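> This is a predicted model, with the sequence first.
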Amino acid sequence: MSGRSCSPGMGSLYRAIKTLKTTRFLSNLITNPLNSHFRLTFPFCSHSRQSSKETGIDLNQYLLDRIRNFSIIAHVDHGKSTLADRLLELTGTIKRGHGQPQYLDKLQVERERGITVKAQTATMFYSHQIHGLGNNDVSEPPKFLLNLIDTPGHVDFSYEVSRSLAACQGVLLVVDAAQGVQAQTVANFYLAFESNLTIIPVINKIDQPTADPDRVKAQLKSMFDLDPSDALLTSAKTGQGLEQVLPAVIERIPPPPGDSSSPLRMLLLDSYYDEYRGVICHVAVVDGVLRKGDKFSSVATGQTYEVGDIGIMHPELTPTGILLTGQVGYIISGMRSTKEARVGDTLHHNRSIVQPLPGFKPAKHMVFSGLYPADGSDFEVLNHAIERLTCNDASVSVSKETSSALGMGFRCGFLGLLHMDVFHQRLEQEYGVHVISTVPTVPYIFEYSDGSKVEVQNPAALPSQSKQRVTACWEPTVIATIIMPSEHVGPVITLCSERRGQQLEYSFIDSQRAFMKYRLPLREIVVDFYNELKSITSGYASFDYEDSEYQQADLVKLDILLNGQPVDAMATIVHNLKAQRVGRELVEKLKNFIDRQMFEITIQAAIGAKVIARETISAMRKNVLAKCYGGDITRKRKLLEKQKEGKKRMKRVGSVDIPQEAFNELLKVS
Ligand SMILES: Nc1nc2c(ncn2[C@@H]2O[C@H](COP(=O)(O)OP(=O)(O)OP(=O)(O)O)[C@@H](O)[C@H]2O)c(=O)[nH]1
């Protein structure tokens, strides 16, 4: 997330940074003109001609000057995955009308939610004659190997974007022709810009009645200094303008750097576990060549492996027997767990000593939540499911924890709330485990009177002591970028002030849209900030953030007690000023979600020994058949079945059943 700190607009500091970056950007374009790539020499043109017998794809024809690695980046829903589909169709990589829109969104959760969660790579082949190189008379245009990486747009998954960019030399920056530049467009632009990548602006969805490509071109110029004449106008829906995209990729994006005569260096981009084939690693070959049967070592672990299978994603795993310098592909090598395949690691031939590649910054966990099996006896099932899922999502941190209310479970760290939600959904969908997740919390730092400092990822870990023992607390903050129509500026400022925000920048992108930058406590935005922002701006605001430093804050632990018994899984840490309100709202909400029992239940919110709110649920068994007068026995049975199913998802705390919905409601309030 870090490194996304640039913003458009005002402020002398920004102007200075922007000038510096623009100069760097322009100089990058100047030092990487198209023709310079054709000055590259290829001393190792005579790789052993080990093309795949299975596929007939001979990668030896695709030396550096015939390779382009590019990524599609954009604000969420601006059409990345649809554009990727069209490009795959255009190159015959997938069949037109293959009946599976957003082909590269492979996960069930991606399809259901219509979002990209994981970056996906696909290799395409495309013939194109580059004009102006004096070889236009060649009858058959040369064929290029293009690696396309579709990336997620949501802020939680920007880590995936930054990883993908490490394997690219250029990007298609897709902007919706009606919505214009949005917060993640800004963030993604700077990610690409700071990586010195060639940026091709693509104004998509020009078929929409409200499309205004000229306005978007003006925004691209004023915010990013991108030449309006460089922008491609497309509709991934109707196909309009798509024919210009791949020629622009080939002509404007440089081939990968690298030296095929140097010892092998490969960057491990991603890895996942396949039930049948074991660990599959996605790699970018930076220098040298790797063949089936070669032995290679990991810089991170020192382990040595043998290449069992090697190939490209075309778009499924397609064996080629070899990967050459600049190519992106997969290897299967007998790794038993993805823990061995550390993303960002450098892989090399074990006979050579190489300089490790820069790798990636480790993923930063923004929210932590406890995950418990709804049925305590399912702990092992959950354990297995989490182990498997983290094999394919290394950005989740997991440690075991025990709650007196919920039993044995796990404390997991996520990149954001959507990431947490997606992980939860995948556990249920892909592994069939019912999970109770506790209120997410951000990592606070507490200092005790003995001078020790601890990072608290679980509010329950903080003793419910009087505040004297804690001498200071710090909370993480973020720098938020918000873009909205000018008429909504007032309510957005009010919202940010309510969330303890501090305005850092305020400017206008054009006559219709305003841009603001705020420092906000992470806890204030992590749950419902975005929904609130959308609702006060009728859905027109966009929002992105990057992590920033910790700031001192007056924090207290808020306990929830059921029949006088603290429920550790429901404890939260809140700002002192908001504790009263949050406590009151929490107990009110809980009252609506906890079913009546045969005995009275008291719900209390307390700070230390002081109870600040209380509600009572009077005794009575919930009768699901109450409204079912007389009538059909099958209907009654259905209702009882439904109740039984619902009970499976409840957690017995002491003598009280708490449904997952109650935990969800806590999340909304706190
Ligand atoms: N009218 C119109 N709709 C489009 C066009 N391109 C994409 N869409 C629609 O826009 C919506 C979002 O498209 P996606 O391709 O999923 O967007 P995305 O940027 O990949 O979304 P994330 O992966 O969630 O960031 C879908 O409903 C598409 O059908 C276009 O050119 N015109």
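Received, thanks. In this text, all values refer to a predicted model and were calculated from it rather than measured experimentally. Numbering: from 1, shown residues only.

> How about the secondary structure of residue 181?
The three-state label given to residue 181 by DSSP: H, G, I helix; E, B strand; the rest coil is coil.

> List, one by one, the residues from the stretch 151-300 of the chain near the ligand.
When proximity is defined by Cβ under 6 Å from any ligand atom, the stretch 151-300 of the chain lies next to the ligand at 152, 153, 204, 205, 207, 208, 235, 236, 237. To be clear about C-beta, it is placed using only N, CA and C from the backbone, and glycine gets the same treatment.

> Lowest-confidence one in these?
Within these, residue 153 has the lowest pLDDT, namely 60.

> still on that earlier bit, mind giving me the PyMOL select for the residues of the stretch 151-300 of the chain next to the ligand, buried ones only?
If you want just the buried ones from these in PyMOL, going by 16 or more other Cβ atoms under 10 Å, the selection is:
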select buried, resi 152+153+204+205+235+236
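
> Switch the residues of the stretch 151-300 of the chain next to the ligand over to JSON lines, and while doing so, append secondary structure to every line.
Listed next are these as JSON lines, based on three-state DSSP:
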{"residue": "152", "secondary structure": "coil"}
{"residue": "153", "secondary structure": "coil"}
{"residue": "204", "secondary structure": "strand"}
{"residue": "205", "secondary structure": "coil"}
{"residue": "207", "secondary structure": "coil"}
{"residue": "208", "secondary structure": "coil"}
{"residue": "235", "secondary structure": "coil"}
{"residue": "236", "secondary structure": "coil"}
{"residue": "237", "secondary structure": "coil"}
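
> If you drop the residues flanking it in sequence, what lies closest to residue 243?
Nearest in space to residue 243, with sequence neighbours left out and distances taken as Cβ to Cβ, 6 or more residues apart in numbering, is residue 90 at 7.8 Å.

> To clarify, my last question referred to residue 366.
What sits nearest to residue 366 in space, not counting adjacent residues and going by Cβ to Cβ, 6+ apart, is residue 416, at 5.3 Å.

> what's the answer for residue 162, then?
Once flanking residues are discounted, residue 162 sits nearest to residue 191: 5.7 Å by Cβ to Cβ, 6+ apart.

> would the one you found count as being in a helix?
Yes - membership of residue 191 in a helix is supported by three-state DSSP.

> Partner strands of the longest strand belonging to the chain, with direction?
The strand that spans the most residues within the chain, counting by DSSP state E, is strand 470-485. The strands that strand 470-485 pairs with in its sheet are strand 444-448 (antiparallel), strand 513-521 (antiparallel), strand 542-552 (antiparallel) (by DSSP bridges).

> and among the ones you listed, the most buried is which?
Ranked by mean neighbour count, those are led by strand 513-521 with a mean of 22 (mean count of other Cβ atoms under 10 Å).

> Quick one: list the elements packing against the helix or strand just after it.
Going down the chain from strand 513-521, the next helix or strand is helix 522-526, by DSSP states H and E. Judged by 3 or more Cβ pairs under 8 Å, 6 or more residues apart in numbering; DSSP states H and E, the packing partners of helix 522-526 are strand 470-485.

> Let me know the next secondary structure element after the strand it packs on.
Per DSSP H and E, strand 470-485 leads on to helix 489-498 as the next helix or strand towards the C-terminus.

> Now do the buried residues in that next one.
Across helix 489-498, burial judged by 16+ other Cβ under 10 Å covers 489, 491, 492, 493, 495, 496.

> re earlier: and the two most separated of the residues of the stretch 151-300 of the chain next to the ligand?
152 and 207 (24.2 Å; Cβ to Cβ).

> how about the nearest residue to the residue of the stretch 251-400 of the chain at minimum distance from the ligand, chain neighbours excluded?
Using Cβ to the nearest ligand atom, the closest approach of the stretch 251-400 of the chain to the ligand is made by residue 315 at 15.7 Å. Beyond its immediate neighbours in the sequence, the residue positioned closest to residue 315 (Cβ to Cβ, 6+ apart) is residue 122, lying 4.0 Å away.

> Give me the neighbour count for the spatially closest residue to residue 402 that is not a sequence neighbour.
Ranked by Cβ to Cβ, 6+ apart and with sequence neighbours excluded, the top spatial neighbour of residue 402 is residue 408, at 5.4 Å. Residue 408 has 15 neighbours, counted by other Cβ atoms under 10 Å.

> Could you confirm residue 408 falls within a helix?
No - counting by three-state DSSP, residue 408 is not part of a helix but strand.

> about what we covered before: which among the strands paired with strand 470-485 is found nearest to residue 426?
Of all these, strand 542-552 sits nearest to residue 426, with 24.0 Å by Cβ to Cβ.

> how about that closest one against the ligand, any contact?
No - residues of strand 542-552 contacting the ligand under Cβ under 6 Å from any ligand atom: none, with a closest distance of 11.9 Å.

> can you list contacts of that strand?
1-5, 75, 155, 179, 182-184, 186-187, 364, 366, 445, 472-484, 519-522, 525, 529-530, 533 (Cβ atoms under 8 Å, 6 or more residues apart in numbering).

> The helix or strand just after that strand packs against which elements?
Per DSSP H and E, strand 542-552 leads on to strand 555-562 as the next helix or strand towards the C-terminus. If you count contacts as 3+ Cβ pairs under 8 Å, 6+ apart, strand 555-562 packs onto strand 572-575, helix 576-593, strand 601-607.

> Could I have the CA atoms of strand 555-562 written out in CSV?
Extracted C-alpha coordinates of strand 555-562, given in CSV (Å, rounded to 0.1, in the frame of the first residue of the first chain):
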residue,chain,number,x,y,z
LEU,A,555,-8.3,4.7,23.5
VAL,A,556,-10.2,2.4,25.9
LYS,A,557,-11.2,-1.2,25.9
LEU,A,558,-15.0,-1.7,25.7
ASP,A,559,-16.2,-5.0,27.1
ILE,A,560,-19.6,-6.7,26.3
LEU,A,561,-21.0,-8.8,29.2
LEU,A,562,-23.8,-11.3,28.8
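
> follow-up on the earlier one: closest one to residue 304 out of the buried residues of helix 489-498, please.
Within the buried residues of helix 489-498, distances to residue 304 taken as Cβ to Cβ reach their minimum at residue 496, with 53.4 Å.

> Next one: that closest one from residue 509, what distance?
Using Cβ to Cβ, to the nearest Å, residue 496 is found at 18 Å from residue 509.

> ditto for residue 70
26 Å.

> And for residue 217?
Counting by Cβ to Cβ, the gap from residue 217 to residue 509 is 13 Å.

> Next: residue 389.
Residue 389 is 40 Å from residue 509, by Cβ to Cβ.

> which of those two has more neighbours?
A direct count of neighbours by other Cβ under 10 Å for residue 389 and residue 509 places residue 509 higher, at 21 against 17.

> my guess is the more buried one meets residue 485, correct?
No - counting by Cβ atoms under 8 Å, residue 509 does not reach residue 485; the two are 10.4 Å apart.

> how many other residues sit next to the residue nearest to residue 96 when sequence neighbours are not counted?
In space, residue 96 comes closest to residue 89 once its chain neighbours are excluded; the distance is 4.8 Å by Cβ to Cβ, 6+ apart. Residue 89: 18 surrounding residues under other Cβ under 10 Å.
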